[in-house]
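**Q** I would like to see how this sequence folds:
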Amino acid sequence: MSFQKLLTGVLAGAAIGATLGILFAPDKGSATRKKFSRKTYDYTDELEEKFNELIDSITEQFQAVVDEVAQMNETNKQKEANEK
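**A** Numbers count the residues shown, from 1 in each chain. Predicted structure coming up:
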């Protein structure tokens with residue numbers, strides 16, 4: 001799943017959830033604002049967690065490529081040494 005799709009989905013879900021929560025809220029405005037604030041904080045935490053997972057995944061993939069290139073470089077050095 002691409003990061004852009006993930007981000008769009010999270011933001012759309014947060015907006016829809018917040019809107020529905022406000023529309024169907026049985027509480028007073030101040031209580032609703034507090035709930036909205038808490039939900040916004042929860043969504044922000046969730047988005048941050050997903051972003052960190054994405055960064056970790058990219059880092060792992062990058063490290064795998066670096067390791068593969070290093071291994072190929074070492075193999076080529078050994079081949080060159082054997083040819084001499």
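**Q** please count neighbours and contacts with C-alpha atoms only from this point.
**A** Noted.
**Q** average pLDDT for the helix or strand hosting residue 80?
**A** Per DSSP states H and E: residue 80 is located in helix 29-83. Mean pLDDT, helix 29-83: 87.
**Q** that helix: how far from the chain's middle?
**A** Distance of helix 29-83 from the chain centroid (CA atoms, centre = their mean, to the nearest Å) equals 8 Å.
**Q** okay, the angle between the host helix or strand of residue 13 and helix 29-83?
**A** Using DSSP H and E, residue 13 maps to helix 3-23. Here helix 3-23 points in a direction 170 degrees away from that of helix 29-83 (axes from the mean of the first three to the mean of the last three CA atoms, to 10 degrees).
**Q** helices or strands next to helix 3-23 in the packing?
**A** Judged by 3 or more CA pairs under 8 Å, 6 or more residues apart in numbering; DSSP states H and E, the packing partners of helix 3-23 are helix 29-83.
**Q** so what does the helix it packs on touch, helix or strand wise?
**A** Counting by 3+ CA pairs under 8 Å, 6+ apart, helix 29-83 packs on helix 3-23.
**Q** and the residue positioned nearest the centre of the chain, how far from residue 33?
**A** Ranked by distance to the mean C-alpha position of the chain (CA atoms, centre = their mean), the top residue is residue 51 at 2.3 Å. Going from residue 51 to residue 33 by CA to CA, to the nearest Å gives 26 Å.
**Q** can you list the buried residues in stretch 42-62?
**A** Under the neighbour-count criterion of 16 or more other CA atoms under 10 Å, stretch 42-62 has 43, 47, 50, 54 buried.
**Q** ok, so of these, who is nearest residue 8?
**A** Sorting the buried residues of stretch 42-62 by distance to residue 8 puts residue 47 at the head of the list, at 10.6 Å, by CA to CA.
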